[in-house]
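J.: Fold the following, please.
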Amino acid sequence: MSIITVTLNPCIDRTITITKPIEIGGTHRVEKRREEVSGKGLNVSYLLKNWNVETKCVGFDFKGSDYIVKKTLDELEIPNELLAVEGQVRCNIKVFDDTCRTMTEFNEKGFPVSEKDYAQFIAQMDELIGKLTEEDILVLTGSVPPGIPADVYKGLIQKAKVYGIKTVLDASGELIKCGVEAIPFAMKPNKEELEMLLGYKPETMEEIGKACKILLDKGVEYICVTLGDKGALLACTEGIYKAEPLKLDVKGIQGAGDSVVAGMCTAIQEGKAAETILRYAMAAAGGSLILEGTQMCRLEDFHRLLPQVKIESIKI
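T.: I've put the predicted structure just below:
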């Protein structure tokens, strides 16, 4: 029983902390700096490792960066099957304003991947998916580098469903639009991504719940919509539930959404009810928000925050 994460566009997150708002054309003193090998799927696996949950990373590593992704995973003792390709790992700049707790991001597209390498990745995934069991979960999350088609996640979801494998989709743009056509088991859009999928803007919690019902009716089992400082909403056949945001001393924002995915996957694999799935997700996100850079929730913080999460049912 394992949670497999796919990361096709890994990165180095360079997080710098400043103590005044960004001024265009101005000069800013950097108070702190961190660098971490990151990527949405990697972040999910980092958290799962912290929680002693079995996980495995697949995707690309880049030869020009001296196999830094694989080296990092090996050091953390996280099992991995990474396909080495030409190019370098992209670098994303994250500017965290410590005075108002906001993050400004500058994310690179990533180094192009050849058709040959993409074909090799698909062959690798065909073999891997064929070995998974119905107790495993396949997490498809994050951006893709140039050269990877927008329907990559759609194809992987379709293949996984043949074997009864649960899939979790967390992406944006054309990746999520194509991916949802294959009806993943679960997905984690933010409000903007949900609006893009449906073509309109639900505002109230009830309206967001009704919007999720459209996806539930198509066959998606769980939809967790992250709402920033308004918390999160989980829609499923059991009902629709809202979680209030935790009151925290926020030190880092990136990785919070990936923590939600990790929390959801863990609870689903443990067979938890819907309210507990949302509670796991929120506690996981909170445990990452209190850490600087792209550090992921520790097990002790998860257990401390879990009883603080407030859940209420929403009628639509």
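
J.: Okay, now the unreliable bits of the stretch 51-200 of the chain?
T.: Applying pLDDT under 70 to the stretch 51-200 of the chain picks out no residues at all.

J.: Which stretches in it count as helices?
T.: Applying DSSP state H, counting those that start in this stretch to the stretch 51-200 of the chain gives helices spanning 68-75, 115-131, 152-162, 173-181, 191-198.

J.: Now tabulate those helices in TSV and tack on distance to Glu105 and mean neighbour count.
T.: For glycine as for every other residue, the C-beta is placed from the backbone atoms N, C-alpha and C. Conversion of the helices of the stretch 51-200 of the chain to TSV gives the following (distance: least, CB to CB, whole Å; neighbours: other CB atoms under 10 Å):
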stretch	distance to Glu105	mean neighbour count
helix 68-75	20	17
helix 115-131	26	14
helix 152-162	22	20
helix 173-181	16	19
helix 191-198	15	17
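
J.: Let me have those helices in TSV, extended by distance to Asp13.
T.: Written out in TSV, the entries for the helices of the stretch 51-200 of the chain read as follows (distance: least, CB to CB, whole Å):
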stretch	distance to Asp13
helix 68-75	12
helix 115-131	23
helix 152-162	22
helix 173-181	20
helix 191-198	21
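
J.: Show me what stretch 228-240 is in contact with.
T.: Here stretch 228-240 makes contact (CB atoms under 8 Å, 6 or more residues apart in numbering) with 190-191, 205, 208-209, 212-213, 215-216, 221-227, 241-245, 260, 273-274, 277-278, 281-282, 285, 313-316.

J.: Just the ones in strands from those, please.
T.: 222-226, 241-243, 313 (DSSP state E).

J.: ok, and the most crowded of the residues you listed?
T.: When neighbours are taken as other CB atoms under 10 Å, the top entry among those is Cys224 (28 neighbours).

J.: and the residue most central in space within the chain, which of the three is it?
T.: In the chain, the C-alpha nearest the mean C-alpha coordinate belongs to Asp258, at 3.2 Å (CA atoms, centre = their mean). Classification of Asp258 into helix, strand or coil gives helix, according to DSSP: H, G, I helix; E, B strand; the rest coil.

J.: what sits opposite the closest residue to Glu105 other than its chain neighbours in the beta ladder?
T.: Nearest residue to Glu105 in three dimensions, chain neighbours excluded: Lys94, at 5.4 Å (CB to CB, 6 or more residues apart in numbering). Partner residues in beta bridges with Lys94, using DSSP bridges, are Thr15, Glu105.

J.: Would you agree Lys94 is in contact with Gln254?
T.: Yes. Between Lys94 and Gln254 there is a contact under CB atoms under 8 Å: 5.7 Å.

J.: Show me whatever sits in contact with both of those two.
T.: Among the neighbours of Lys94, those also in contact with Gln254 (CB under 8 Å, 6+ apart) are 13, 15, 103, 105, 293.

J.: Buried only: go through these for me.
T.: Buried members of the shared contacts of Lys94 and Gln254, scored by 16 or more other CB atoms under 10 Å, are 13, 15, 293.

J.: contacting residues for the first one?
T.: To tie it back to what came earlier, the one meant is Asp13. With contacts defined as CB under 8 Å, 6+ apart, the neighbours of Asp13 are 34-38, 92, 94, 254, 293-294.

J.: hmm, which of those residues are the buried ones?
T.: Buried residues within the contacts of Asp13, counting neighbours by 16+ other CB under 10 Å: 34, 36-38, 92, 94, 254, 293-294.

J.: ok so, going back, got the contact list for the residue nearest to Glu105?
T.: Under the criterion of CB under 8 Å, 6+ apart, the contact list for Lys94 reads 13-16, 103-106, 254, 293.

J.: so how far is Leu169 from it?
T.: Counting by CB to CB, to the nearest Å, the gap between Lys94 and Leu169 amounts to 24 Å.

J.: ok, now Glu221?
T.: Distance, Glu221 to Leu169, using CB to CB: 12 Å.

J.: Repeat that for Ser288.
T.: In this structure, Ser288 and Leu169 are separated by 20 Å, where distance is defined by CB to CB.

J.: Glu86 too?
T.: From Glu86 over to Leu169 the distance is 28 Å, taken as CB to CB.

J.: So which of these two has more stuff around it?
T.: It is Leu169, of Glu86 and Leu169, that has more neighbours when counted by other CB under 10 Å, with 28 against 12.
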